[in-house]
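okay, structure incoming, though there's no sequence with it:
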DNA sequence: GATGGGTAATAAGTATGACGTTTTCGTCAC
DNA sequence: GTGACGAAAACGTCATACTTATTACCCATC
């Protein structure tokens, strides 16, 4: 484990969080703090702080005289980056990947459209740079390098939209793209059509063509949706 | 204050959270725990638990020898319901309202399209029911009753999409709609065209016409975006 | 036998004092 | 001026005692 230097409560969190989000504790399960104390061999302070964080993610609810009860999945803060990470690492990774891809397909086109009217010259430059990078690494099993440019590209688009809520989805998109690459088994090069679309998006944003940027990005995300049946069965 | 029966740490949270998200403490400001102890007249335990929660929202970072430092707004967990609530209640309410409306305009059309193929008969019934309710309350200063049906309608759409990430945005949309009504000064009745659109969306979802449901919902959200300049200057 | 109230048990909430640990900053020697 | 060493400051952890809300059980009453 790499739990050095993070504080004990973080260690407890990294154990309980994944377990709960993986469904190891069905909704309604009660966890008593003194039991957790013994299980992790830490003080009440530590357990309580971990519980507070889980509570703030709506993963559990703490009630007097009854204990810490696990809440049903519908009530979780599914936008919490840690919850997303835990679920992506756990059992229902396919389900989570689908959810995120659908979310992405809704958000990114709109973000690209906004970027076309809000992007700074620097952001436009970054965009074309990464699009070029994607072209350069799209052949010959350079999937790792390709992924770097791909995630950077989409991060810039979301950021350039000027909407803070969109910008914060950069990590989500990065996770989806990384997940896609991991499952691609490192053999097939990226779809050339997709690469071209990215170049065109960069151009549309640079020229301020919002409608075109949106439509092109929608094509990209539609492609991601199409891959989904192979990717997350 | 209505902080009865919620625990002391929640009281501290409800004081610090709004203050931080309102920008009362510029990024980099340090809060020392012993100072907070005295300020709120509670024990370290309570302060520490509140800090842990703020830390999990990425509002602050706690570092040894230096204290609890306020993080820049770009790093906040802006999807945390409490953060959203605090910001909506605070100084940059207009900004937050814009962000959320844009997010909504991206998500809801896609959600409606998915709902057209995923909605259960019960959900279709609820949809038409609330659309009818909107029609019935759209005239004669019944804005409160109208709002109830409006929020319920959009909640069902998001829920019927079958995407958990969309479903969790129900509260966000409700907040936006409520905010809109509050600023409408209770004099002008809802736009009849918008009401008609809702009825048509309900019908499109019921008949499984995804494209139509999406397009109609996009018109609704475009209307919301248009209102924005008056609403959140 | 069902109902209602009171009481005791239980588990979380709070307070406090002591100690550990890391990080920073200042000082001192070189 | 540079380096290393050490002390101080703040959070981190632990142990313990005490408080409080909630539940469940028991007993009396109807």
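Sure, I can see it. Computed from a predicted structure; not experimentally measured.

can I see the domain layout of chain A?
Listed by automatic domain parsing, the domain ranges of chain A are A:8-75, A:92-231.

DNA strand D: which of the ones you listed is closest?
Across the domains of chain A, the minimum distance to DNA strand D, taken as C-beta to the nearest atom of the strand, is reached by domain A:8-75, at 3.2 Å. For the C-beta atoms, the positions are set from N, CA and C on the backbone; glycine is no exception.

distance between that closest one and the chain's centre?
Going by C-alpha atoms, centre = their mean, to the nearest Å, the spacing between the C-alpha centre of domain A:8-75 and its chain's C-alpha centre is 23 Å.

span of that domain from start to end?
26 Å (C-alpha to C-alpha, to the nearest Å).

that one and DNA strand D, are they touching?
Yes - contact of domain A:8-75 with DNA strand D (C-beta under 7 Å from any atom of the strand) involves A:8, A:9, A:42, A:43, A:44, A:45, A:46, A:49, A:63, A:64, A:65, A:66.

out of the residues you listed, which sit inside helices?
Judged by DSSP state H, the residues of domain A:8-75 next to DNA strand D include A:8, A:9, A:44, A:45, A:46, A:49 as members of helices.

output those in a markdown table, with pLDDT and distance to chain B appended to each entry.
As requested, these are arranged in a markdown table below (pLDDT from 0 to 100; distance: C-beta to the nearest C-beta, whole Å):
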| residue | pLDDT | distance to chain B |
| --- | --- | --- |
| A:8 | 95 | 12 |
| A:9 | 95 | 7 |
| A:44 | 96 | 9 |
| A:45 | 96 | 7 |
| A:46 | 98 | 10 |
| A:49 | 98 | 5 |
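
most neighbours of all those, which one?
Ranked by neighbour count under the definition other C-beta atoms under 10 Å in any protein chain shown, those are headed by residue A:49 with 25 neighbours.

how much space between that residue and residue A:10?
Computed as C-beta to C-beta, to the nearest Å, the residue A:49 to residue A:10 distance reads 9 Å.

thinking again about what came up before, which of the domains of chain A sits most buried?
Sort those by mean neighbour count, taking mean count of other C-beta atoms under 10 Å in any protein chain shown, and domain A:92-231 sits at the top with a mean of 19.

quick one: distance of it to the chain centre.
With C-alpha atoms, centre = their mean as the basis, domain A:92-231 stands 13 Å off its chain's centre.

pLDDT value on residue A:221, please?
Model confidence at residue A:221, given as pLDDT, is 96.

is it true that it touches residue A:102?
No - using C-beta atoms under 8 Å, residue A:221 is not in contact with residue A:102, being 9.1 Å away.

wait, does the helix or strand hosting residue A:85 make contact with chain B?
Using DSSP states H and E, residue A:85 sits in helix A:81-89. Yes - under the criterion of C-beta under 8 Å from any C-beta of the partner chain, helix A:81-89 makes contact with chain B via A:81, A:82.

right, and the helix or strand after that helix?
Following helix A:81-89 in sequence order, the next helix or strand is helix A:93-118 (DSSP H and E).
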